[in-house]
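K.L.:
sequence unknown, structure follows:
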């Protein structure tokens with residue numbers, strides 16, 4: 001009767017009656033007769049069978065699992081029926097079906113299990129986390145995430161180290177969804193994962209859990225070789241804003257590793273709040289100058305009136321950095337208790353005087369007018385400028401008519417260097433008079449290496465000609481070596497780098513190798529010099545313009561001229577690679593172009609050694625590389641070699657010929673993702689008429705995988721030289 005009844009389903013009047021009879025006929029014995037019609041080409045028949053099997057309770061629905069192995073449309077109809085009958089299918093039958101199921105059937109089973117809401121399912125699914133099929137491990141964990149438990153958390157933790165990146169990604173996401181506080185240590189470890197998606201999921205999970213116990217584990221990650229692992233740790237630190245976290249971060253300011261200290265200070269500055277101020281104020285009395293420096297930097301980022309008195313005391317700190325940054329901190333807070341101490345310091349410390357003058361303008365207090373008028377007549381050009389700016393600022397405030405008139409009618413009166421006001425115990429401090437200010441002439445202060453002036457002499461040998469620039473490592477000066485009557489460049493390292501013994505050892509180690517590189521297209525590194533309380537790197541002086549400025553001023557460059565420059569840069573790289581040195585930061589600002597388009601690479605003294613990539617000495621806090629030019633393997637923290645420099649050179653060539661880098665974004669992370677996951681349009685696609693052979697050359701250098709790039713620079717050079725002729 002079943003086939004006959006199915007045939008009349010297309011009759012509208014007979015349909016409902018036929019369905020009713022078919023439901024009465026459905027039993028475990030007749031089930032096969034119904035199932036075979038799911039493959040019918042007649043839509044009414046298939047629809048009728050699906051309707052009957054979905055609504056009837058007169059048969060064992062679990063028997064449908066045996067029919068998921070059929071191919072074609074019938075499988076989808078069986079799945080539809082099973083979804084309708086899922087409450088009548090024992091969960092152990094669903095789970096046991098995985099053992100003999102193929103991949104497509106397993107997909108259906110996972111979708112079915114997703115409809116099961118009973119927690120008793122979890123214990124039955126746990127064994128599937130050990131299945132050989134990575135896809136099954138992934139989907140099983142996804143299902144188990146709905147039933148958080150200690151066993152599920154342990155399973156997810158184990159899968160954070162799964163050989164398949166997709167499983168590791170799901171493990172990190174699941175631990176975040178389950179708010180798994182027991183997995184903090186392992187999630188921190190996942191910040192080192194070579195896959196950027198897993199790394200990001202670990203960040204998201206840690207931020208969601210927001211447990212202060214993560215801090216100690218994150219501090220270990222801050223020491224990691226991988227740059228993007230360290231960035232991830234910082235990102236989490238900046239989100240974990242609990243009292244216990246603050247305490248751990250403050251303790252980290254005493255860590256032996258400079259990078260850990262620096263990143264902890266960054267995190268504290270961004271966290272803010274009274275609990276941070278309370279924790280940091282005590283550090284201003286630390287015996288460690290570097291800790292006091294970090295404390296002041298945090299107080300600038302987190303201004304609080306409770307810090308005023310400790311900062312006033314810090315104006316007398318023996319460390320020039322602490323003194324000068326305390327001035328900035330007091331100006332940021334804006335408390336008038338700082339007025340008299342700042343006036344006294346302005347007279348006592350010529351080096352800090354301009355900063356004091358600027359700060360006094362921010363405090364909006366009439367007591368500063370007299371001192372600023374005196375300072376506006378100083379022989380110190382910078383002090384005069386800052387004093388006049390502050391007087392102008394005060395005029396815009398609520399000054400008395402008398403002081404406003406004094407400022408308005410004041411005329412330059414060359415009275416010589418700004419004197420020191422009379423000293424007095426803090427309890428006896430009174431507003432200084434002009435006579436007090438003019439009473440004493442200061443002694444010569446020690447040099448501030450980050451703000452040297454023409455004529456200053458370092459080490460009784462190097463006379464400063466002018467300041468050239470600065471960056472993350474330090475400040476750069478053109479100097480005259482009076483011993484040999486030759487001009488050279490000194491890069492004076494910043495104090496927090498110079499004070500780090502591990503960092504200095506690294507510089508000594510690397511400079512030993514970089515000095516071997518003698519090539520006309522590389523700026524020669526001479527030595528690491530010890531200064532009083534600091535260090536500097538001496539190097540060849542080459543008058544020229546950096547390539548970034550040339551691109552900015554001129555836009556995209558003619559291919560012939562550009563290739564001639566690239567040949568020189570590649571020739572320099574080849575010489576460096578021959579000595580085992582990989583630059584790791586090839587970019588337009590690190591290329592100088594002089595007369596006759598002679599090009600030279602700078603900053604090889606800051607590169608890492610290819611043959612020593614695994615040594616402890618490479619573990620610095622320095623970010624080697626710039627997001628716009630970093631190779632995928634560099635971003636992932638993997639081993640770098642000559643092909644890493646080739647990738648950066650390819651990116652630079654793209655910018656040279658098009659006027660902008662191939663990957664742009666709102667932030668560094670966005671750009672880094674593009675280097676790994678996005679393909680840039682070729683130069684031939686973005687520039688009409690651009691030579692196809694040059695476009696192919698650039699694309700070759702920019703290949704995502706190392707093995708798809710030129711194997712070495714000499715090979716790449718051979719391809720370029722013919723085009724640049």
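P.N.:
Cool, got the structure. These numbers were taken from a predicted model, which means no experiment stands behind them.

K.L.:
remind me which residues of the stretch 451-600 of the chain are low pLDDT?
P.N.:
471-473, 483-484, 496, 500, 502-503, 506, 509-513, 515 (pLDDT under 70).

K.L.:
quick one: the strands in the stretch 501-650 of the chain, in order.
P.N.:
Taking DSSP state E, counting those that start in this stretch as the test, the strands found in the stretch 501-650 of the chain are 525-531, 534-540, 545-546, 581-582, 591-593, 599-601, 608-609.

K.L.:
adjacent strands (with direction) for the fourth one?
P.N.:
Listed by DSSP bridges, the sheet partners of strand 581-582 and their directions read strand 608-609 (antiparallel).

K.L.:
average model confidence for the partner strand?
P.N.:
Strand 608-609 carries an average pLDDT of 38.

K.L.:
one step back: do you know which of the strands of the stretch 501-650 of the chain lies nearest residue 341?
P.N.:
Nearest of the strands of the stretch 501-650 of the chain to residue 341, taken as Cβ to Cβ: strand 534-540 at 27.4 Å. The C-beta positions use only the backbone N, C-alpha and C, and glycine is treated the same way.

K.L.:
parallel or antiparallel, list what pairs with that closest one.
P.N.:
Strand 534-540 is paired, per DSSP bridges, with strand 486-493 (antiparallel), strand 525-531 (antiparallel).

K.L.:
residues in contact with that strand?
P.N.:
The contact list for strand 534-540, computed with Cβ atoms under 8 Å, 6 or more residues apart in numbering, reads 449, 458, 462, 474, 488-493, 495, 497-498, 504, 507, 511, 523-529, 602, 605.

K.L.:
could the strands paired with strand 534-540 be laid out in JSON lines, adding distance to residue 43?
P.N.:
Below are the strands paired with strand 534-540 laid out as JSON lines (distance: least, Cβ to Cβ, whole Å):
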{"stretch": "strand 486-493", "distance to residue 43": "79"}
{"stretch": "strand 525-531", "distance to residue 43": "80"}
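
K.L.:
tell me which of the ones you listed sits most buried.
P.N.:
A comparison of these by mean neighbour count, using mean count of other Cβ atoms under 10 Å, puts strand 486-493 on top with a mean of 20.

K.L.:
right, and the helix or strand after it?
P.N.:
helix 495-498 (DSSP states H and E).

K.L.:
what packs against that following helix?
P.N.:
In this structure, helix 495-498 makes packing contacts with helix 258-271, helix 289-301, strand 534-540, judged by 3 or more Cβ pairs under 8 Å, 6 or more residues apart in numbering; DSSP states H and E.

K.L.:
in stretch 464-480, which residues are buried?
P.N.:
By neighbour count on 16 or more other Cβ atoms under 10 Å, the buried set for stretch 464-480 is 464, 473, 474, 475, 476, 477, 478, 479, 480.

K.L.:
check this structure for its longest helix and report it.
P.N.:
helix 559-578 (DSSP state H).

K.L.:
tell me which strands and helices that one is in contact with?
P.N.:
strand 591-593, strand 599-601, helix 642-658, helix 713-724.

K.L.:
which strands or helices does whichever helix or strand comes after the longest one pack on?
P.N.:
As assigned by DSSP H and E, the chain's next helix or strand after helix 642-658 is helix 668-677. In terms of contacts (3+ Cβ pairs under 8 Å, 6+ apart), helix 668-677 is packed against helix 196-209, helix 632-635.

K.L.:
now do the shortest one: everything it contacts.
P.N.:
Spelled out, that is helix 632-635. Helix 632-635 is touched from outside by 196, 227-228, 584, 624-625, 639-640, 644, 647, 672, 675-676, 704-706, with contacts defined as Cβ under 8 Å, 6+ apart.

K.L.:
and with 7 Å instead?
P.N.:
Residues outside helix 632-635 that contact it (Cβ atoms under 7 Å, 6 or more residues apart in numbering): 228, 584, 625, 640, 644, 672, 675, 676, 704, 706.

K.L.:
could you give me the average pLDDT of that helix?
P.N.:
88.

K.L.:
how far off centre is the helix or strand harbouring residue 189?
P.N.:
Following DSSP H and E, one finds residue 189 within helix 184-189. Its chain's C-alpha centre and that of helix 184-189 lie 19 Å apart, by Cα atoms, centre = their mean, to the nearest Å.

K.L.:
can you give me phi and psi for residue 585?
P.N.:
When read as degrees, to the nearest 10, the backbone of residue 585 gives phi -150, psi 50.

K.L.:
could you measure from it over to residue 628?
P.N.:
Relative to residue 628, residue 585 is positioned 11 Å away (Cβ to Cβ, to the nearest Å).

K.L.:
tally of neighbours for residue 507?
P.N.:
Using other Cβ atoms under 10 Å, residue 507 is surrounded by 23 other residues.

K.L.:
please apply the same query to residue 705.
P.N.:
Around residue 705 there are 9 residues (other Cβ under 10 Å).

K.L.:
cool, and the one 3 residues further on?
P.N.:
Counted with other Cβ under 10 Å, the burial measure for residue 708 works out to 11 neighbours.

K.L.:
repeat for the one 5 residues further on
P.N.:
Neighbourhood size, residue 713 [other Cβ under 10 Å]: 24.

K.L.:
same question for residue 532.
P.N.:
9.

K.L.:
contacting residues around stretch 353-364?
P.N.:
Residues contacting stretch 353-364 (Cβ under 7 Å, 6+ apart): 324, 327-328, 330-331, 334, 336, 338-339, 342, 345-346, 368, 372, 375, 380, 382-383, 386-387, 389-390, 393-394, 397, 418.

K.L.:
gap between the nearest residue to residue 196 once chain neighbours are set aside and residue 399?
P.N.:
In space, and not counting its chain neighbours, residue 196 is closest to residue 676: 5.8 Å by Cβ to Cβ, 6 or more residues apart in numbering. Between residue 676 and residue 399 the distance is 58 Å, computed by Cβ to Cβ.

K.L.:
okay, now the domains of the protein?
P.N.:
According to automatic domain parsing, the chain comprises the domains 2-241, 334-437, 449-540, 545-724.

K.L.:
thinking again about what came up before, closest one of the contacts of helix 632-635 to residue 598?
P.N.:
Checking the contacts of helix 632-635 against residue 598 with Cβ to Cβ, the nearest one is residue 584 at 23.6 Å.

K.L.:
now do the helix or strand hosting residue 135, average pLDDT.
P.N.:
Assessed by DSSP H and E, residue 135 sits inside helix 134-144. Mean per-residue pLDDT for helix 134-144: 87.

K.L.:
could I get the buried residue list for the next helix or strand after it?
P.N.:
Next in sequence after helix 134-144, counting helices and strands by DSSP H and E, comes helix 150-159. The neighbour-count check on helix 150-159 (16+ other Cβ under 10 Å) flags 152, 153, 155, 156, 157, 159 as buried.

K.L.:
which one of the residues you listed is nearest to residue 547?
P.N.:
Using Cβ to Cβ, residue 159 is the member of the buried residues of helix 150-159 that sits closest to residue 547, with 46.9 Å.

K.L.:
now do the contacts for the closest one.
P.N.:
129, 137, 141, 167, 168, 171.

K.L.:
which ones are touching the last one?
P.N.:
Applying Cβ under 7 Å, 6+ apart to residue 171 gives the contacts 141, 156, 159, 160, 162.

K.L.:
closest to the centroid, which residue in this structure?
P.N.:
residue 231 (4.2 Å; Cα atoms, centre = their mean).
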